[in-house]
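# What shape does this take:
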Amino acid sequence: MNKDRHKFRHTVIFRALIAATCGTASMMMAHQAMAQQSSSSLGRVEITGSNIKRTDAETASPVQVITKQEIDQSGKGTVAEYLQTLTADAQGSVPFTYGRGFSGATSSGISLRGLGANATLVLINGRRVSSAVLADDAQRTYVDLNQIPLEAVERVEVLKDGASSIYGSDAVAGVVNIILKKNFVGTVVKATYGVSQEGDGNEPRIAITHGMGDLDKNGWNLLLNAEFGKKDPIYYRDRDGRGPVGVSAIGQGWGFNPNTGPTNNIPRAGGNGWIPTANNAAGRINNSAAPSFIGNVRNPSTLNYYSRGDAAGVGFTRTFPGAQAYCNANANLPQNNPAGGCLSDVWRQVGQIQPEHQTSNFFGRFTKQINANMEAFAEVGYYTSESRVTGLPLAPSGGFFTPEGNVISRTAVAQLGATHPDNPYFGTAARLQYNPVFDLGPGVVSSKSHSTRLVAGLKGTVAAWDYDTAIHYSEAKQTDTSENRINWRVADALLNPTAANVAAARAFSPAYAALPAGTFWRIGENASLNSPEMYRALLQNQERSGFSRTYGADLKVSRELGKLDGGPIGVAFGLEARHEANSLPLYTGLGNFIGLSLTTYSGDRNIVATYGEVLLPVTKKLELNGALRYDRYSDAGNSVTPKIGAKFKALPNLALRGTFAEGFRAPSSTENSASSMAAFGGATVDDNARCAAGVPDALCKGVAPTFVQRGNPSLEPEKSKSWTLGAVWDITPKTSLTVDAWQIKRRGLPVIEDPQAAVDAGRVTRDPATAVTPGDPGAILSGFVVFQNSAESLTRGIDLEARHRWDLGNGYGRFTTGLTWTHLLTQRVTEASGTVHDYAGTHGDCNITNCIGSPRDRIQLTGTWEMGAWRLGANVNYRGSMSNKFEKADTSCAQTLADGTDFPGGCKVKAFTTLDLSAAWKFRQNTEIFGSIQNVFDNKPPADFETYGAIGYNPLDYSGAIGRFFRIGIRHKF
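Residues are numbered from 1 along each chain as shown. Okay, here's the model as predicted:
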């Protein structure tokens, strides 16, 4: 019954709005002959953040306008790359090199004010588009910037204050409006090629833009744009020796204690294969070893692990001299483990700075001037993406998830059987920790996605009203393939062929049943003995396919209505209705294969909204504006969001301005869907139930099980209040200065509940087989937490933008400089308990910033010299230092060396600065060659071992990890 009502409501809403839209258009066509365009509207434009056209581009709200020429001058290859250099884009953005995140390498997002990618609304030509299929950290949905065709861009407008009163949800931190060309005549071909100084990361790109029919002369225009690009992968192993880049074994040569130390990114601080040591008789810790590529095997009697290549292995009934030789030939670390482990930094062997990525893009727009007061338009966009991300290999001892969200541990199950020819305890089954990096290769996830965007509408003037109405549809689809996942039943039968294991594998896998009896999975130095048939039985690709979709219709009207001393009053009204839906199912083989992600969500909802806006030029010096919007979400209730603003011309060349706005962000289906699940690690808790049963503290204190976050259907929208206060000063006709202070306060933030509370409430699954005392319920395998509206945040800062132009004279052209600076004053989160976390200038907040950190300062300095056919440009990008603490209140550094000193020195992640140069020469009227050098001085990134977005360095500093990067290209207009 509820489902039927939902369908009825959905149908009525959209048919009614589309009918109203079409009816409005028909009415306008019938009356347009009587309409006369107001002379005062000539030269008026619509600025992002307002629906009222105006002649003065400076509004009460701070808006940064970025031209296509500025993007070209930067030397960046895509819109996404450029936008992530903006000083207002801060922590929480999703870099295009972020292959280790939940979103993989298929998409790229922007996070204004460091509030997370889901707090920034991205529009194309003023209208919404569907979000990327995969949410960042399985929570934060965002629009993929990679889908923007660079050569079709006219400009980008970045609104730096809250805009829910104009655009609705998600505009809490601001809006990025990407405005594409609307009238173009001619044909332009652009080809570029990029390569790093190491000869990798090759980046060919080609774009063709064609336009015919001049809108002003012919009454119509057709614009077609096609772009194709590719990025080759860049591997950590090819940056060996480049400071911290790719270093995960930080105990080796960095001064850390290899038996302890940070473990955010790494299996063991001493490297893969490390056997930790202790002050016991055997000189090691029972039941503890990292997977090794020759195999670490546990002594069945003493419970101590030994490397298969250790000639002094205690209790060995068979030795393997070839194993140690294989280790020495393939390891990339000094072999100095006191316990004899074979050490290797596997991330440095298989990880990527930049994943392989191919894209293609098509954009088309047709515009028809029906008459002097009516214009019809239609847009189509189509984008495809393919990526391939490599990561750590899958170990046969690795756990797996069930579709219900439970994690199944395999540490005790993965064993070399009594008759396995590679078992040093031949005759007795023994536990195995094996890293098959040279056997199975790295873990690989390949993704294919495509996005479609369709818009059709009418705009014009009738009876002094300007109108703009359209219907729109956009959809993103993505298929992820986890390659060569391990069938755990087959792995058990091949490593430990007991009757039960063989029977289970035969029943599940026909490929295993077809193998010759007695087939083993040979490991380490003997892996070359394995047959292709064995691997086909052991490994299988697994897929999931998801989508994100939005469609709807909108109508907005505006006009001048009456006059005040400062000029005509402007008003605008609008209606919107849209439907949003997304779905990300579980991998098909979840529960049967090792190494599959537990991330799933789905949901759909209807949104209707209406809004109004007024612009009041009270006097020649004082301008006021206000807006009010009402939104109704079928799954999140109603929101009313006002905004007011004022601009005062204190002097003819000096304007003071300010705004106050309320905003909201409706929870996404990743947060409020009952079917939403995602796994995460890193949280440590006390297992008080085990402690009460007399289990030693080492087994019940500070344990770190896997946690599964679930959606909460009762989640409410987060609310915000924001203000800006600033000045715009045109000091001279060639010099301008803009300063804006800003603050955003949010309440009801959806955050994951405290994992300790979930454990204390008993929302866990356990492994009874790990019980060590009577009454011990066994170790926690997984805990279950939900989202709650339980936090507030306060973010405050200052923006400065300055520009100056020198006209050099005597044929030397002109030189233009620009400076943008964002200074973060406060970034504070207050929990429901009243606990305050202050993050500004620290490595936190990891819940929002992907552990990228919250540096106080980001600065960009630009300079452009134009002289005749030449253009030279320089961009300096600065990311400020930050304390290597997770919040200001921390009394100790996040990392300390073995001797107890802070790491890095002074407990600060150092600042990072790059210089990029570009040049262009128009050697013929219609032909230009150009080039750029990114990171001219080849600066290396400072060490940052706390982030999980990259290995050894901060993802914000990826250009330092790559090194110098060169691009050259040619552009010709026919």
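# quick one: low-confidence parts of this structure?
Scanning the chain with the threshold set as pLDDT under 70 gives 1-45, 98-106, 259-269, 279-282, 682, 849-850.
# wouldn't residue 944 be in contact with residue 247 here?
No: using Cβ atoms under 8 Å, residue 944 is not in contact with residue 247, being 10.6 Å away. C-betas here are computed from N, CA, C, even on glycine.
# Name the residues contacting each of the two.
Common neighbours of residue 944 and residue 247 (criterion: Cβ atoms under 8 Å, 6 or more residues apart in numbering): residue 952.
# Would you quantify the distance from residue 809 to residue 815?
For residue 809, the distance to residue 815 equals 11 Å [Cβ to Cβ, to the nearest Å].
# more crowded one of the two?
Set side by side, residue 809 and residue 815 show more neighbours around residue 815, with 16 against 8, by other Cβ atoms under 10 Å.
# Contact partners for that one?
By Cβ under 8 Å, 6+ apart, residue 815 lies in contact with 805-806, 808, 863-866.
# Could you export stretch 712-721 as PDB, keeping only the C-alpha atoms?
Output in PDB follows, covering the C-alpha atoms of stretch 712-721 (Å, rounded to 0.1, in the frame of the first residue of the first chain):
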ATOM      1  CA  ASN A 712      19.600   5.300   9.900                       C
ATOM      2  CA  PRO A 713      16.100   6.000   8.400                       C
ATOM      3  CA  SER A 714      15.300   8.400  11.300                       C
ATOM      4  CA  LEU A 715      18.200  10.700  10.400                       C
ATOM      5  CA  GLU A 716      17.200  14.300  10.000                       C
ATOM      6  CA  PRO A 717      18.800  17.000   7.700                       C
ATOM      7  CA  GLU A 718      21.700  18.900   9.100                       C
ATOM      8  CA  LYS A 719      21.100  22.600   9.400                       C
ATOM      9  CA  SER A 720      23.500  25.500   9.000                       C
ATOM     10  CA  LYS A 721      23.800  29.200   9.700                       C
END
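# thinking residue 63 is in contact with residue 49, fair?
Yes: contact criterion Cβ under 8 Å: residue 63 and residue 49 qualify, at 6.1 Å.
# the more surrounded of these two?
Comparing residue 63 with residue 49 by other Cβ under 10 Å, the one with more neighbours is residue 49, at 29 against 20.
# host element of that one?
Following DSSP states H and E, there is no helix or strand that holds residue 49.
# Phi first, then psi, for it.
phi 110, psi 0 (degrees, to the nearest 10).
# Verify the stated contact: it with residue 165.
No: between residue 49 and residue 165 there is no contact under Cβ under 8 Å: 9.5 Å.
# What strands line up against the longest strand seen in the chain, and which way round?
If you go by DSSP state E, the chain has its longest strand at strand 779-807. Strand 779-807 sits in its sheet next to strand 706-710 (parallel), strand 735-752 (antiparallel), strand 764-767 (antiparallel), strand 814-831 (antiparallel), going by DSSP bridges.
# The closest residue to residue 593 other than its chain neighbours pairs with what?
In space, residue 593 comes closest to residue 485 once its chain neighbours are excluded; the distance is 3.9 Å by Cβ to Cβ, 6 or more residues apart in numbering. In this entry, residue 485 is beta-bridged to residue 540, by DSSP bridges.
# Pull up the gap between residue 485 and residue 671, please.
To residue 671, residue 485 is 28 Å away according to Cβ to Cβ.
# So residue 559 belongs to a helix, correct?
No: counting by DSSP: H, G, I helix; E, B strand; the rest coil, residue 559 is located in no helix; its state is strand.
# Test my guess that it contacts residue 569.
No: contact criterion Cβ under 8 Å: residue 559 and residue 569 do not qualify, at 9.3 Å.
# So these two - more neighbours on which side?
Legend: neighbour count by other Cβ under 10 Å for residue 559 and residue 569, higher for residue 559 (21 against 17).
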